[in-house]
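Asker: Return a 3D structure for these sequence lines:
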Amino acid sequence: MFKTKLENIIKSKNSLLCIGLDCDIEKIPRFLLDESDPLLTFNKEIIKATAPYAIAFKPNISFYESLGIAGWTLLEKTLEYIPSDAIIIADAKRGDIGNSCRKYADLFFNTYTFDAITVSPYMGFDSIQPFLEFDDRCTFVLCLTSNEGSHDFQYLNIDSEPLYMKIARKVSEWNLTYNNCGLVVGGTHPEDIGSIREIAPHLPFLIPGIGTQGGNLKSTIQYGAGSAASSAIINVGRSILYASSEKDFAVTARVKAQYFRNEINRFRSENKNFQSIR
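Answerer: Purely as a prediction, here's the structure:
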């Protein structure tokens with residue numbers, strides 16, 4: 001089962017860090033453009049450098065499919081370099097009628113064998129069920145996203161409760177049947193993560209927004225990953241990927257990954273101490 005695999009990796013690596021593989025030809029070090037396959041070389045070196053500290057890697061599918069056939073080839077080759085002791089998450093944000101989503105589920109869980117995927121809940125249960133039928137994978141449902149536009153709809157009150165809470169409750173209900181659901185909750189809303197965690201104490205959270213987007217890591221740990229019953233995957237992308245534009249980019253990425261892993265663990269430890277005092 002996915003959650004067992006995730007918890008074993010967290011324990012083995014003593015980490016919650018996920019590396020977002022959002023490779024962009026405009027942002028990679030310029031000297032890599034002399035390579036025959038610049039983006040693959042970049043991804044390979046980033047993965048190799050950060051793997052000791054990462055429990056997961058999360059390719060953002062848009063960065064690959066925007067390149068057409070070459071992008072899908074890049075994705076396939078990139079996946080070959082990710083070690084087996086890491087979860088692989090397709091950040092695809094799919095959501096369509098059931099017939100279409102069955103094909104998306106087949107693509108990401110059979111053709112590419114991802115461990116997990118991100119999906120949109122907007123079209124309801126039948127658009128998500130095809131992913132849930134893969135009982136050894138995890139479906140992370142967008143709940144409260146890290147972007148500024150999250151305030152446009154996700155905070156709208158529905159029966160005196162924000163929409164994101166309705167989503168969290170509904171996904172928790174689905175999890176009672178399928179036991180393979182997760183939630184995407186942004187680290188830019190740490191206190192709101194706490195309210196979500198209260199109604200979804202056992203669901204794994206995928207938490208973006210730390211790093212370049214300015215999410216508060218300490219509060220995110222306190223509210224989203226403080227319980228022994230809960231598990232969380234904290235994603236950092238650009239702050240690690242593009243920490244250096246020089247030939248030391250991989251070494252610098254490794255140092256940054258170690259830094260974020262250590263900071264996460266420091267706040268986890270502080271939070272445990274706080275809970276024990278209470």
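
Asker: Across the sheet, point out what pairs with the most centrally placed residue in the chain.
Answerer: Against the mean C-alpha coordinate of the chain, by CA atoms, centre = their mean, the closest residue is residue 206 at 4.5 Å. According to DSSP bridges, the residues that bridge with residue 206 are residue 184, residue 233.

Asker: Ok, residue 210 next?
Answerer: Here residue 210, judged by DSSP bridges, has bridge partners residue 215.

Asker: dump the residue contacts of it.
Answerer: With contacts defined as CB atoms under 8 Å, 6 or more residues apart in numbering, the neighbours of residue 210 are 187, 217, 220, 234, 235, 236, 239, 260. For every residue, glycine as well, the C-beta is placed using N, CA and C.

Asker: ok, now with 10 Å
Answerer: For residue 210, the contacting residues are 17-18, 146, 186-188, 190, 216-217, 220-221, 234-237, 239, 260, 263-264, taking CB atoms under 10 Å, 6 or more residues apart in numbering as the criterion.

Asker: tell me which residues in the one helix or strand in the chain whose mean pLDDT sits lowest are buried?
Answerer: Sorted by mean pLDDT, DSSP states H and E, the helices and strands of the chain end with helix 249-277, the least confident at a mean of 84. Of the residues in helix 249-277, those scored as buried under the neighbour-count criterion (16 or more other CB atoms under 10 Å) are 249-250, 252-261, 263-264, 267-268, 271.

Asker: Over to stretch 19-32?
Answerer: Applying a neighbour-count criterion of 16+ other CB under 10 Å, the buried positions in stretch 19-32 are 19, 20, 21, 22, 23, 28, 29, 32.

Asker: now, the most widely separated pair of the residues you listed?
Answerer: Spanning the widest gap among the buried residues of stretch 19-32 are 20 and 32, at 18.5 Å by CB to CB.

Asker: Next one: the residue nearest to the centre of the chain from residue 231, what distance?
Answerer: Summarising the geometry, the distance separating residue 206 from residue 231, computed by CB to CB, to the nearest Å, is 10 Å.

Asker: Residues that sit against both of these two, list them.
Answerer: With contacts defined as CB under 10 Å, 6+ apart, the residues adjacent to both residue 206 and residue 231 are residue 182.

Asker: before we move on, the earlier item: select from the contacts of residue 210 every entry located in helices.
Answerer: Those of the contacts of residue 210 mapping onto helices are 190, 217, 220, 221, 239, 260, 263, 264, per DSSP state H.

Asker: out of the residues you listed, which one sits closest to residue 133?
Answerer: residue 220 (31.1 Å).

Asker: wait, isn't the closest one in contact with residue 234?
Answerer: Yes - counting by CB atoms under 10 Å, residue 220 sits close enough to residue 234 to count as a contact (6.9 Å).

Asker: okay, and the common contacts of those two?
Answerer: Here residue 220 and residue 234 share the contacting residues 16, 187, 205, 207, 209, 210, 264, scored by CB under 10 Å, 6+ apart.

Asker: min pLDDT across those residues, which one?
Answerer: Across the shared contacts of residue 220 and residue 234, the smallest pLDDT goes to residue 209, namely 82.

Asker: and it, how many neighbours?
Answerer: The local packing count at residue 209 equals 27, with neighbours defined by other CB atoms under 10 Å.

Asker: and the gap between it and residue 190?
Answerer: Where residue 190 is concerned, residue 209 sits at a distance of 9 Å (CB to CB).

Asker: And the helices in this protein?
Answerer: Going by DSSP H, the chain shows helices at 2-13, 38-50, 62-65, 69-81, 98-106, 129-132, 150-153, 163-178, 190-199, 217-224, 238-241, 249-277.
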